[in-house]
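1. coordinates only, sequence not included:
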């Protein structure tokens, strides 16, 4: 039996060596001296602002499918105290019926057409989306328009969606990363502020639907709306956007303040920590994108360390997320990250590779999730291509971005077994 096993092992090794030999030979096959990329039709990005104030952004290029999104500046930052949870509830009630069709009829029609629909809410926006095959684009646009701008007005329709909204909240808050992200915004912008408060209501049951309808009526107006299309021309979306009711654009300021927010809980033996700083947006924000790429993988050790750059209407937050099994690991990782930042701020590094890598990642995201990317670019006043292309950022720009961090007040959030983790003053000392 042992002999047979040895022979089988030897046979496997022999076969493996044959396979490797074949593979090695194929790799050495001669390639042409110059490889030309396949010719493609140019992608045309179109942006228009209509007379009613609505914006249209389109990626006008051939696609196997088309997607349309309606983004409305009506996220949780625009809620009053009595409207808390309205944005989240309206997203959960998306496609639950219209003034012409019941929720059951609408969903049956969507299923029969083979459309894929979705509705989400963030601190800044509610986004309703639909995907379809190109030959059904007109029907998809009509369905999305009806669902968003001819919604049901009866109280019970929205009330029936409260359990769904509550389940969405519970599911999101079970994720430690989501929870520590909410704590970060509380630390960065202040508890109870427009951006600092949680996008989820503590008790949806007490939310009056009349307040939800008032919130919708106030914010679902043309100056707050951006219509985004992929695989379509801007002209094909103008009819949808031009029919939206005019009104006043939403406004809600939330300046950065910096601070700390900690929550000590049993998180399965893990400690989730975020340290962040205010960052610029628009063209100046691109330097922080390069800095994020440059710092990836720079901190070694047992902790899970991820640099990030989170954008919002107030600018953005640049920092690092750390997940570890104890405070000592977290403190070491944060100290190492800050040391790397100091090296960039005081050095003369070359970030050509980071700029190229970041640009490649951005272009990949633009191709796969063009709607979200075009929307993000629009919010910062940039074209999608300019937003994605980091190659124009200079080394001095990156150095200046890193240096600006040490001139700002940090934000510090922690979730999990926080006992023994350094306090805010301890973090500030590391930055000196």
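-> Yep, it's here. None of the values given here were measured: they were computed from a predicted structure.
2. contacting residues around the spatially closest residue to residue 262 that is not a sequence neighbour?
-> Among residues not flanking residue 262 along the chain, residue 414 sits closest, at 4.5 Å (CB to CB, 6 or more residues apart in numbering). Where C-beta positions appear, they are placed from N, C-alpha and C, glycine not excepted. Listed by CB atoms under 8 Å, 6 or more residues apart in numbering, the contact set of residue 414 reads 180, 183, 261-263, 271-274, 421.
3. quick check, nearest of the residues you listed to residue 325?
-> Checking the contacts of residue 414 against residue 325 with CB to CB, the nearest one is residue 271 at 7.1 Å.
4. that closest one against residue 331, yeah?
-> No - judged on CB atoms under 8 Å, residue 271 makes no contact with residue 331 at a distance of 10.1 Å.
5. so between the two, which is more surrounded?
-> residue 271 (26 against 20; other CB atoms under 10 Å).
6. strands of the chain, residue ranges please.
-> 44-49, 55-60, 66-72, 116-121, 126-132, 225-230, 259-264, 271-278, 304-312, 315-324, 411-416 (DSSP state E).
7. switch those over to CSV; also include mean pLDDT and distance to residue 397.
-> CSV is the format used below for these (pLDDT from 0 to 100; distance: least, CB to CB, whole Å):
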stretch, mean pLDDT, distance to residue 397
strand 44-49, 91, 24
strand 55-60, 93, 27
strand 66-72, 95, 29
strand 116-121, 96, 33
strand 126-132, 96, 31
strand 225-230, 94, 28
strand 259-264, 96, 28
strand 271-278, 97, 16
strand 304-312, 93, 14
strand 315-324, 95, 14
strand 411-416, 97, 23
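8. dump the ones you listed into CSV; add distance to residue 294 as well.
-> Converted to CSV, those look like this (distance: least, CB to CB, whole Å):
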stretch, distance to residue 294
strand 44-49, 28
strand 55-60, 29
strand 66-72, 31
strand 116-121, 31
strand 126-132, 31
strand 225-230, 30
strand 259-264, 27
strand 271-278, 16
strand 304-312, 9
strand 315-324, 12
strand 411-416, 21
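9. tell me how many other residues crowd residue 382.
-> Around residue 382 there are 18 residues (other CB under 10 Å).
10. residue 416 now?
-> If we define neighbours as other CB under 10 Å, then residue 416 has 26 of them.
11. what of the one 10 residues further on?
-> For residue 426, the number of neighbouring residues by other CB under 10 Å comes to 12.
12. stretch 278-296: how far from the chain's middle?
-> 15 Å (CA atoms, centre = their mean, to the nearest Å).
13. so where's this protein shaky on pLDDT?
-> When residues are selected by pLDDT under 70, those of the chain lie in 1-41, 314.
14. can you pull the contacts of residue 349?
-> Counting by CB under 8 Å, 6+ apart, residue 349 makes contact with 294, 343, 395, 398-399.
15. in helices only, show me the residues you listed.
-> The helices, defined by DSSP state H, take in 294, 343, 395, 398-399 from these.
16. those residues, buried ones only, as a ChimeraX selection?
-> To isolate in ChimeraX the members of the ones in helices among the contacts of residue 349 that are buried, counting by 16 or more other CB atoms under 10 Å, one can use:
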select :294,395,398,399
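17. the ones in helices among the contacts of residue 349: which two are farthest apart?
-> 343 and 395 (13.3 Å).
18. burial measure for the nearest residue to residue 127 once chain neighbours are set aside, as a count.
-> Leaving aside its sequence neighbours, residue 127 sits nearest to residue 71 (CB to CB, 6+ apart; 4.7 Å). Using other CB under 10 Å, residue 71 has 27 other residues around it.
19. and the gap between residue 71 and residue 250?
-> Between residue 71 and residue 250 the distance is 12 Å, computed by CB to CB, to the nearest Å.
20. tell me how many other residues crowd residue 104.
-> Every residue meeting other CB under 10 Å relative to residue 104 is counted, giving 10.
21. hmm, I typed the wrong one, I wanted residue 167.
-> Residue 167 has 11 neighbours, counted by other CB under 10 Å.
22. which parts of stretch 258-268 are buried?
-> In stretch 258-268, counting by 16+ other CB under 10 Å, buried: 258-263, 267.
23. not counting that stretch itself, show me its contacts.
-> 176, 179, 183-184, 186-188, 190-191, 278, 408-419, 421, 423-424.
24. now with 7 Å?
-> Stretch 258-268 has contacts (CB atoms under 7 Å, 6 or more residues apart in numbering) with 176, 183, 186-188, 409-419, 424.
25. contacting residues for the residue lying closest to residue 216 once chain neighbours are set aside?
-> Distances taken as CB to CB, 6+ apart put residue 90 closest to residue 216, at 6.0 Å, once the chain neighbours are dropped. Residue 90 sits next to 121, 126, 212, 216 when contact means CB under 7 Å, 6+ apart.
26. top of these by number of neighbours, please.
-> Result: residue 126 is most packed of the contacts of residue 90 (other CB under 10 Å), 27 neighbours.
27. tell me how far that one lies from residue 420.
-> In terms of CB to CB, residue 126 sits 41 Å off from residue 420.
28. count the neighbours of residue 373 for me.
-> 21.
29. begin at 42, not 1, for the rest of this chat.
-> OK, 42 is where the count begins now, so the last one is residue 414.
30. report the contact partners of the closest residue to it other than its chain neighbours.
-> With sequence-adjacent residues excluded and distances taken as CB to CB, 6+ apart, residue 414 is closest to residue 407, at 4.7 Å. Counting by CB under 7 Å, 6+ apart, residue 407 touches 414, 425, 429.
31. unless I'm mixing things up, the second one is touching residue 419, no?
-> No - in this structure, residue 425 sits apart from residue 419 without contact. The criterion is CB atoms under 7 Å, and the distance is 8.3 Å.
32. which of these two has more neighbours?
-> residue 425 (22 against 18).
33. how far away from the center of its chain is stretch 145-162?
-> On CA atoms, centre = their mean, the centre of stretch 145-162 falls 23 Å from that of its chain.
34. ditto for stretch 425-444
-> On CA atoms, centre = their mean, the centre of stretch 425-444 falls 20 Å from that of its chain.
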